[in-house]
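K.L.:
this one's sequence-less:
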């Protein structure tokens, strides 16, 4: 429904790159340039400053971008409302997810949802929890999955399930012989940490602060950006990591890694988040309800939290 020139402009303005916008829109770069030129001629105003291999929005471009956001949002909402009226659960579903949830929990949920609603086309962005929330506030995503509650007032947070974080290390590591680990014992060993902005990192730091053990007491030897990287380094015996139980199920079964509960145990919520202001079609609400049901069913039986 929306003017194609406006869609192309919006993509270029978001990416600040004609090349990246062309890739995202499955267009050639000359075609993107032509659409922008047509829009500039229509408004009789330059919308982008070009120079030194970079582009930026002019003052006129910023005004057009503000309206483009609203126009394209309303166009999308119109289509979604009409689909809702016909009872359809179909269309593009833009999902953002933290790495832990995306790699170890969502694949089965997406597979089963796709089998039930074959008209749905999920598109998944994998990033840390902070980045997912930022994308939601910019209305670039329909729904997100993060490893904590969101502090942003513009987002609604619904708890999906619980997830325990364990001390993870090689079987040969000194910590592996313990049934549970007191946090003060961790300061005696090298720590392999997730990067700032990670939900796992945030929850771990908050847990340590809450029990009176400052995160600065640990001795990080490396910060890594994915659970797979953490597992790989921990398996060498270089240090310990603090990770979701869900991420190390296979490795602990094979004897490649050991997972030891903290004392007191560290249990967090995995949450689904979405915009408080944006209209949510039946497609989004159906997926959220389905994900909550399936992730709850996939959880292991609860053990008492000490």
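P.N.:
Happy to help now that I have it. Since the model is a prediction, treat every value here as computed from it, not as a measurement.

K.L.:
contacts for stretch 55-63 next, please.
P.N.:
In this structure, residues lying in contact with stretch 55-63 by Cβ atoms under 8 Å, 6 or more residues apart in numbering are 12-13, 16-18, 43, 45-49, 65. The way it works is simple: take the backbone N, C-alpha and C, and place the C-beta from them, glycine included.

K.L.:
residues touching the spatially most central residue of the chain, list them.
P.N.:
Compute the mean C-alpha point of the chain, and by Cα atoms, centre = their mean the closest residue is residue 97, 2.7 Å away. Under the criterion of Cβ under 8 Å, 6+ apart, the contact list for residue 97 reads 106, 124-127, 132, 144-146.

K.L.:
now the lengthiest strand in the chain: buried residues?
P.N.:
For the chain, the strand that runs over the most residues, judged by DSSP state E, is strand 258-275. Buried residues in strand 258-275, counted by 16 or more other Cβ atoms under 10 Å: 258-263, 266-275.

K.L.:
low-confidence ranges, the stretch 51-200 of the chain, go.
P.N.:
Using pLDDT under 70 as the threshold, the predicted model of the stretch 51-200 of the chain has low-confidence ranges 77, 80-88.

K.L.:
just checking, next helix/strand downstream of the lengthiest helix in the chain?
P.N.:
Here the longest helix in the chain is taken by residue count, with DSSP state H as the criterion, and it is helix 59-85. Secondary structure here is assigned by DSSP states H and E; on that basis, the next helix or strand after helix 59-85 toward the C-terminus is strand 91-97.

K.L.:
quick one: strands adjacent to that following strand?
P.N.:
Each strand pairing with strand 91-97, determined using DSSP bridges, is listed with its direction: strand 120-126 (parallel), strand 143-146 (parallel).

K.L.:
which residues does the first one contact?
P.N.:
Meaning strand 120-126. The contact list for strand 120-126, computed with Cβ under 8 Å, 6+ apart, reads 89-99, 102-103, 106, 110, 113-114, 132, 135, 141, 283, 287.

K.L.:
could you redo the last one with a cut-off of 7 Å?
P.N.:
89-97, 99, 102, 110, 113-114, 135, 141, 283 (Cβ atoms under 7 Å, 6 or more residues apart in numbering).

K.L.:
do stretch 21-35 as well
P.N.:
4-5, 8, 11-12, 15, 18-19.

K.L.:
so residue 186 sits against residue 219, correct?
P.N.:
No: under the criterion of Cβ atoms under 7 Å, residue 186 lies out of contact with residue 219, with a separation of 8.7 Å.

K.L.:
what's the most buried one of the strands paired with strand 91-97?
P.N.:
strand 143-146 (a mean of 26; mean count of other Cβ atoms under 10 Å).

K.L.:
just the buried ones from the contacts of strand 120-126, in PyMOL syntax?
P.N.:
With 16+ other Cβ under 10 Å as the burial test, the buried ones among the contacts of strand 120-126 are selected in PyMOL as follows:
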select buried, resi 89+91+93+94+95+96+97+99+102+110+113+135+141+283
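
K.L.:
shaky segments in the stretch 201-306 of the chain?
P.N.:
Applying pLDDT under 70 to the predicted model, the residue ranges of the stretch 201-306 of the chain that meet it are 277-280, 298-306.

K.L.:
circling back to that earlier point, between the buried residues of strand 258-275, which is closest to residue 241?
P.N.:
Each of the buried residues of strand 258-275 was scored against residue 241 by Cβ to Cβ, and residue 259 proved nearest at 10.0 Å.

K.L.:
for that closest one, give me its contacts.
P.N.:
166, 168, 245, 248, 252.

K.L.:
the first one bridge partners, please.
P.N.:
In this structure, residue 166 bridges to residue 243, residue 261 when assessed by DSSP bridges.

K.L.:
would you map the helices across the stretch 151-300 of the chain?
P.N.:
The residue ranges that make up the helices of the stretch 151-300 of the chain, judged by DSSP state H, counting those that start in this stretch, are 183-186, 199-210, 227-234, 249-254, 282-298.

K.L.:
OK, contacts around residue 134?
P.N.:
Per Cβ under 7 Å, 6+ apart, neighbours of residue 134: none.
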